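Undergrad: Next one to model:
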Amino acid sequence: MTTIDLNSDMSEYDTPELLAREAEIMPLITSANIACGAHAGHPDLMRRTARLAARYNVAIGAHPGFPDTEDFGRRDRQISAEEVVSLVSTQLKILAGVLASEQLTLAHVKLHGALYTLAARDRAVADAVARAITSFDPHLLLFALAGSELAKRGRTAGLTVIQEAFADRAYRSDGTLVPRIQPDALLETPQQVQQQLRAILKGSITSIDGQSVPIQAATLCVHLDSPHAAEFLQLIRLEIQSAGIRIAKPVQA
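TA: As a prediction, the model looks like this:
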């Protein structure tokens, strides 16, 4: 590993506290994933976040999810492949339209919440997501959980896949994330984040049941809604730079 990207999910909260946190962490990341109005967000908020990202030369990505504002796109659901294609395509068009009005460019796609989790394990859903992206713009990068079905199907579809790991989330032994509804899903101390980051940089993580899980990632996510997001990102940047790894946004292969 010679370079790594730092990303965060944004444009999801329209409150003074979270908008201030967005502004605080934007200079610390290299990719921003902007919610597209389904699970959260609206055009004015997308525009604000996109302008902020552009100010710091941060890559702008779409963050599509289930249309479920009540449960923030985190509730599992059954969905057909064609519904997935329509859902993702519609949200890409919405954000792309906002960006076009600002003369800004969409660089990547990262799914949100339950849709992210479903595509990581379900081949048909993963295929549908890849089909939606390639039909919209085959040059878009696809951020996908490292080792997931979506990463595999995205590559098969011809997309450049950027495998993702999480510095602030716990893992299960199959390489998937511990669901947020479980009390041990989030890593909440600098020591926990530092330990996990060092493991990721060495190519593995330890699951909640003590198993060593191989992992190869080119981007790391830190969640904006963590109260310690800025502190975690400062720590992560220092650790990565100390390891001789360059922090940079990913590019098309």
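Undergrad: Can you say which helix or strand has Ile34 in it?
TA: Assigned by DSSP states H and E, Ile34 belongs to strand 31-35.
Undergrad: Partner strands of that strand and their direction?
TA: Strand 31-35 pairs in its sheet with strand 3-10 (parallel), strand 59-63 (parallel), by DSSP bridges.
Undergrad: Same list, those, but as JSON lines with mean neighbour count, distance to Ala126 and mean pLDDT please.
TA: Any C-beta I mention is one placed from the backbone N, CA and C, and that applies to glycine too. Formatted as JSON lines, those follow (neighbours: other C-beta atoms under 10 Å; distance: least, C-beta to C-beta, whole Å; pLDDT from 0 to 100):
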{"stretch": "strand 3-10", "mean neighbour count": "23", "distance to Ala126": "20", "mean pLDDT": "97"}
{"stretch": "strand 59-63", "mean neighbour count": "27", "distance to Ala126": "17", "mean pLDDT": "98"}
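Undergrad: Mind putting those into TSV with distance to Gly158?
TA: Formatted as TSV, the strands paired with strand 31-35 follow (distance: least, C-beta to C-beta, whole Å):
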stretch	distance to Gly158
strand 3-10	21
strand 59-63	18
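Undergrad: Of all those, which one is nearest Ala217?
TA: strand 3-10 (7.4 Å; C-beta to C-beta).
Undergrad: what's the angle between the lengthiest helix in the chain and strand 31-35?
TA: Longest helix in the chain, counting residues (DSSP state H): helix 81-101. Using axes from the mean of the first three to the mean of the last three C-alpha atoms, to 10 degrees, the direction of helix 81-101 lies 110 degrees away from that of strand 31-35.
Undergrad: List the strands paired with the helix or strand following helix 81-101, with their directions.
TA: Sequence order places strand 108-110 as the next helix or strand after helix 81-101, per DSSP H and E. Strand 108-110 pairs in its sheet with strand 59-63 (parallel), strand 141-145 (parallel), by DSSP bridges.
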